[in-house]
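A.B. asks: sequence? don't have it. structure:
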């Protein structure tokens, strides 16, 4: 059933109002601001308020509507409001349109590329991973709420650790996906390069992406960024779409093999 929801959301994506892509994040942001003003002390308690309560509300709403045989409405709404692929792709496309085709390499293009990839990961792939892994429809709420707290309060050790835990598997799964749909040998070399270790989940994802696109190494994300051409943003967009297709197929096969919904 969740695979059907995902296909429905992707099919309707071109006609979905742009505001819907950020509606879920905007709701969580307002809730965070509301609670932060009343819970000045950061940490696990605030995380339970900002993230835990919405998760409980989603689970309770799904259970309540289940008595009316409408429980499937909740995960569909959460998925529709909790993932956004159009925004990150539009970011890459806009940068590509600003630069003439086959123009001189521009150092700012790689920064735009990295921003677009991380945005697609945090706004689409990671929430989608937790949507499928966890029961019900509250996976995207858990992930997006934690990311919001980490970005708003980067000094919060508890938030950083929570996000690091939530990022560990999906970031590596997406890195593997990029390797499979891109230049596998270069991506694998980048992944196993001892000079690039240790890396955070986001740094590893970008390093493998650079290898999958054949862009060379960046010394674990800490070295100098190479100047890229605008055409390589188009290649990155194609890589993202191939990754989406592979994830949809993988989710369908996993659901069929496990006999789940």
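C.D. replies: Sure thing, it's come through. Bear in mind that the values here come from a model prediction, so they are computed numbers and not experimental data.
A.B. asks: Which strands or helices does the helix or strand hosting residue 132 pack on?
C.D. replies: Per DSSP states H and E, residue 132 falls inside helix 126-133. Counting contacts by 3 or more CB pairs under 8 Å, 6 or more residues apart in numbering; DSSP states H and E, helix 126-133 is packed against helix 2-12, helix 73-82, helix 139-152, helix 157-181, helix 231-258. All C-beta atoms are positioned from the backbone trio N, CA, C, and that covers glycine.
A.B. asks: Among those helices, single out whichever gets nearest to residue 20.
C.D. replies: Nearest to residue 20 among those is helix 73-82 (6.3 Å), distances taken as CB to CB.
A.B. asks: What angle do helix 2-12 and the closest one make with each other?
C.D. replies: Orientation check (axes from the mean of the first three to the mean of the last three CA atoms, to 10 degrees): helix 73-82 against helix 2-12 gives 40 degrees.
A.B. asks: and the direction of helix 73-82 versus that of helix 126-133, what angle?
C.D. replies: 160 degrees.
A.B. asks: buried residues in the helix holding residue 132?
C.D. replies: 126-132 (16 or more other CB atoms under 10 Å).
A.B. asks: swap in stretch 69-89?
C.D. replies: In stretch 69-89, counting by 16+ other CB under 10 Å, buried: 71-72, 74-86, 88-89.
A.B. asks: hang on, the earlier thing: comparing the helices and strands packed on helix 126-133, which stretch has the densest surroundings?
C.D. replies: Sort the helices and strands packed on helix 126-133 by mean neighbour count, taking mean count of other CB atoms under 10 Å, and helix 139-152 sits at the top with a mean of 23.
A.B. asks: How far away from the center of its chain is it?
C.D. replies: Taking CA atoms, centre = their mean, to the nearest Å, one finds helix 139-152 lying 11 Å from the centre of the chain it belongs to.
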